[in-house]
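Novice: just coords:
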């Protein structure tokens, strides 16, 4: 088991927020909630893959590490006792995903208001049991890849109505672009974002919306003068994205102002195999607010939720 190392930083909103998110009864609390969450996060970063390993990590943690985690002093000798494995397991198991997201979210200021938000769902690895399906979490991240809200999708429902529920409590008026994959390219979602939340949408169009996809495909792309090339390299491949943008007036979708055609050219480094894929993106933002390079940046920000959030959840 790796030695206790506090090289990772776990930001928490503060004692007041932790008090609100704490699922335990007030009587009998021996350790602060934020100390237990910090300890679990640091133990996982140090290599723990089970609650037993988290408990072993805590038993070996020195006093200065426990002080930094927020464990209180007990007794006349000034010793900070560590929580047991059972305590950590019981508390973490009671935490609701959206409550945990609020707890880990730093205190926001007007200067830190989100500019670009990405929403996507993911089933939690290892959460399936004999009697329950895997926990499917819908998360929203900001431009710094911080998870600012999430919830577990109830059984026998989908992400589509839950996205509106998740965004309802966020202050995103005026500034935020909300990007989502093709599943969320829904008229009600677009109206909710523009009319209710006073925000902007950035939605992918694929063949799950055949009529809308066909309308985007029939646009006069040979006349598109707004174009941008975005090149990237990683995951064993080279990728070039060609982004063409057209202003539209009569597309049958609420509040849409622009349509972007994104053509991805990928080359596998090991096999030299080349592939091409074309998708469409619609937004309510006009051309003077959303240029092709802005659309490329928003696409890259949206893919971060898969590369940085989903990968971590699949690996740890």
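Specialist: Arrived safely. As the structure is a computational prediction, the values presented were derived from the model and not from experiment.
Novice: hey, where'd the helices end up in this structure?
Specialist: Here the chain has its helices, by DSSP state H, at 15-21, 33-45, 51-60, 63-69, 85-94, 97-104, 159-167, 187-191, 210-217, 292-304, 311-315.
Novice: Distance from stretch 284-295 to the middle of the chain?
Specialist: Centroid separation for stretch 284-295 versus its chain: 23 Å, with C-alpha atoms, centre = their mean, to the nearest Å.
Novice: Quick check: mean pLDDT of that stretch?
Specialist: The average of the pLDDT scores along stretch 284-295 is 91.
Novice: same check, this time on stretch 64-73
Specialist: Averaging pLDDT along stretch 64-73 gives 91.
Novice: any low-confidence regions in the stretch 151-300 of the chain?
Specialist: Where the stretch 151-300 of the chain drops to pLDDT under 70, the residues are 175.
Novice: returning to what we had before: need the winner for burial among the helices of the chain.
Specialist: Across the helices of the chain, averaging neighbours per residue (mean count of other C-beta atoms under 10 Å) puts helix 33-45 on top, at a mean of 22. Where C-beta positions appear, they are placed from N, C-alpha and C, glycine not excepted.
Novice: ok, back up a step: and the helices of the chain: which comes nearest residue 177?
Specialist: The minimum distance between residue 177 and these falls on helix 292-304, with 5.8 Å, by C-beta to C-beta.
Novice: Nearest to residue 145, out of the helices of the chain?
Specialist: Across the helices of the chain, residue 145 has its closest neighbour in helix 292-304 (5.4 Å, C-beta to C-beta).
Novice: And the closest one, how far out from the chain middle?
Specialist: 15 Å.
Novice: re earlier: tell me which of the helices of the chain lies nearest to residue 244.
Specialist: Nearest to residue 244, of the helices of the chain and by C-beta to C-beta, is helix 292-304 at 7.5 Å.
Novice: what's next to that closest one, contact-wise?
Specialist: Residues from elsewhere that reach helix 292-304 (C-beta atoms under 8 Å, 6 or more residues apart in numbering): 116, 118, 120, 141, 143, 145, 177, 179-181, 202, 226-228, 230, 232, 241, 243-245, 260, 262, 281, 283.
Novice: check contacts around residue 251.
Specialist: 212, 215, 216, 259, 282.
Novice: Residue 52 too?
Specialist: For residue 52, the contacting residues are residue 85, by C-beta under 8 Å, 6+ apart.
Novice: so how far is residue 81 from it?
Specialist: Look at residue 52 and residue 81: by C-beta to C-beta, to the nearest Å, they are 18 Å apart.
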